[in-house]
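In: After the sequence you'll find the predicted model.
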Amino acid sequence: SEFDLNGFLKSSKFTSNGSASLTTSGQPTTEFSAQLLQSDSETIFSSSPELKSSKIVFTDLDSAIKNHADVLSRYSDLINPNDGKFSAFNKAFWNKGMLLYVPKGMTLSLPLYHQLNLKSSGWGIFPFTIIIAEPESKIILVDDYTSSEQKDWTFSNALTEIYLQRDAQLIYVNSQRWSG
């Protein structure tokens, strides 16, 4: 079955319940192939049997550097002076982020969900997302940035790099719901 993106647009907004888990309409959801939840100090990952049995890589960037350096080295440049100062700033100082790598011909029936929840105030966050979809792959990623009530200044400089190869299909939804 195909994933209906209209369900996201018509349903209640996603909300963080403060413990780095996802709810829709006040109920926990299992309508994702995997969930990667990051906050200031923790990372939580859960996945379906479908994702576990595939060769898809969906992980936080710290783990990707340790366990999937070969994939990162083929796609992500270091700092390219032509990308501009904000891109260079993010790549120099990233402190959260994720890697999604979808091998040739792979498809998931449900979307992947990444949430970055900023709990602290008075500091900057620099999430770096890298999405790689090899030929004839199909994937949906919901990338959700949230924060709890901020009592002091906070700065965000997010960067997403997307590498789509021949006939790859990606639906990428980025939501930024920062509290003021």
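Out: Looks like it arrived, so ask away.

In: mind listing the strands for this structure?
Out: 15-16, 22-24, 27-28, 34-39, 43-47, 57-60, 96-102, 112-118, 124-125, 127-133, 138-147, 155-156, 159-164, 169-177 (DSSP state E).

In: Nearest to residue 71, out of the ones you listed?
Out: strand 96-102 (5.1 Å; Cβ to Cβ). For the C-beta atoms, the positions are set from N, CA and C on the backbone; glycine is no exception.

In: Mind giving me the packing neighbours of that closest one?
Out: Here strand 96-102 touches strand 34-39, strand 57-60, helix 61-67, helix 69-75, strand 112-118, strand 127-133, strand 138-147, going by 3 or more Cβ pairs under 8 Å, 6 or more residues apart in numbering; DSSP states H and E.

In: rerun at 7 Å
Out: Using 3 or more Cβ pairs under 7 Å, 6 or more residues apart in numbering; DSSP states H and E as the contact test, the elements touching strand 96-102 are strand 57-60, helix 61-67, strand 112-118, strand 127-133.

In: Nearest to residue 38 among the ones you listed would be which one?
Out: strand 112-118 (4.9 Å).
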